[in-house]
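# Could you look at this predicted model? Sequence included:
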Amino acid sequence: MNLFVILKRTFDTEEKIVIQDGKIVEESAEFIINPYDDYAVEEAVQLRDKHGGEVTVVTIGEEEAAKELRTALAMGADKAVLINTEDDLEDGDAYTTAKILSEYFKDKEVDLILAGNVAIDEGSGQVGPRLAEFIGIPYITTITNLEIEGTQATINRDVEGDEEIIETSLPLLITAQQGLNEPRYPSLPGIMKAKKKPLEELELDDLDLEEEDVEAKTKTIEVYLPLEKQAGRVLEGEVSVQVNELVSLLQKEAKVI
């Protein structure tokens, strides 16, 4: 099977994030593989081990993103591709990412493309579906189980607190949800092997793309940290007194009624 995983380098939301001039200060941020993409990498490696084939991880970004690709290689992926846009793009959005990826995939023989359901930094969940539309293959999002027999796939996915079972055929793009599997930690032997695995680096020119071809369709107006939560208040006294005080607070302080 020809298995591809598209992953994103994101800042670690467990660590402190500094905002300056409406942008995240990258020098003070810690970066990781987008956590939902970890499920995609793990699923691809398991499918490769079961059905044979090759796992290629692909990302778009600057030179630093090679670190996250090496992590995916240490998890068991076979090779990696970095589409370096450092000198070509200042800003981009989900359209930009999907358009660049579609040019990469246009001459590839694909059985399955796996991606995270959503990126924790922007949270749009658009790149996977947009890419599938660009290259003309079906897609299924938020999957929690995947079984493949030959060219047929049976998929379980989250649907508004319930579950949906879908049968379809390859080629296919899926986006992984928490619960699909338990991503492995890179082992020491895996880390050592990853250093010798191929990591190809491409630029927009290699994909016959110009900056205007992938110009963002959206614009970020402002980036800011959430407001600090205020301490709660405990109302005391008889229930009728508490109710009157609560209504008063909602009207005069919270101004929600």
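Sure thing, it's come through.

# Could you use CA atoms for every contact and neighbour count after this?
Will do.

# CA atoms only for stretch 122-129, dumped as CSV, please.
Presented in CSV, the C-alpha positions along stretch 122-129 are these (Å, rounded to 0.1, in the frame of the first residue of the first chain):
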residue,chain,number,x,y,z
GLU,A,122,-5.9,27.0,14.1
GLY,A,123,-8.6,24.4,14.5
SER,A,124,-10.2,24.7,11.1
GLY,A,125,-10.2,21.0,10.1
GLN,A,126,-10.2,22.1,6.5
VAL,A,127,-6.9,20.9,5.0
GLY,A,128,-7.8,17.2,4.7
PRO,A,129,-11.2,17.7,3.0
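
# hmm, who's touching it?
Applying C-alpha atoms under 8 Å, 6 or more residues apart in numbering, the set of residues contacting stretch 122-129 from outside is 94-95, 97-98, 115, 117-119, 139, 141, 173-175.

# Then stretch 178-195?
Under the criterion C-alpha under 8 Å, 6+ apart, residues 36, 38-39, 41-43, 70-71, 73-76, 143-146 lie in contact with stretch 178-195.

# What of stretch 20-39?
With contact meaning C-alpha under 8 Å, 6+ apart, stretch 20-39 is reached by 6-12, 15-19, 68, 115-120, 176-178, 180-183, 222-224.

# From these, which land in strands?
Secondary-structure check on the contacts of stretch 20-39 using DSSP state E: residues within strands are 6, 9-11, 19, 115-116, 176.

# tell me which of those is nearest to residue 212?
Set against residue 212, the nearest of the ones in strands among the contacts of stretch 20-39 by C-alpha to C-alpha is residue 6 (22.7 Å).

# quick one, what contacts that closest one?
Taking C-alpha under 8 Å, 6+ apart as the test, what residue 6 contacts is 37, 57-59, 113-116.

# do that again at 10 Å, thanks
When the contact criterion is C-alpha atoms under 10 Å, 6 or more residues apart in numbering, the partners of residue 6 are 37, 40-41, 56-60, 80-81, 101, 113-116, 127-128, 175.

# Who does it form a beta bridge with?
The bridge-partner assignment for residue 6, based on DSSP bridges, gives residue 58, residue 115.
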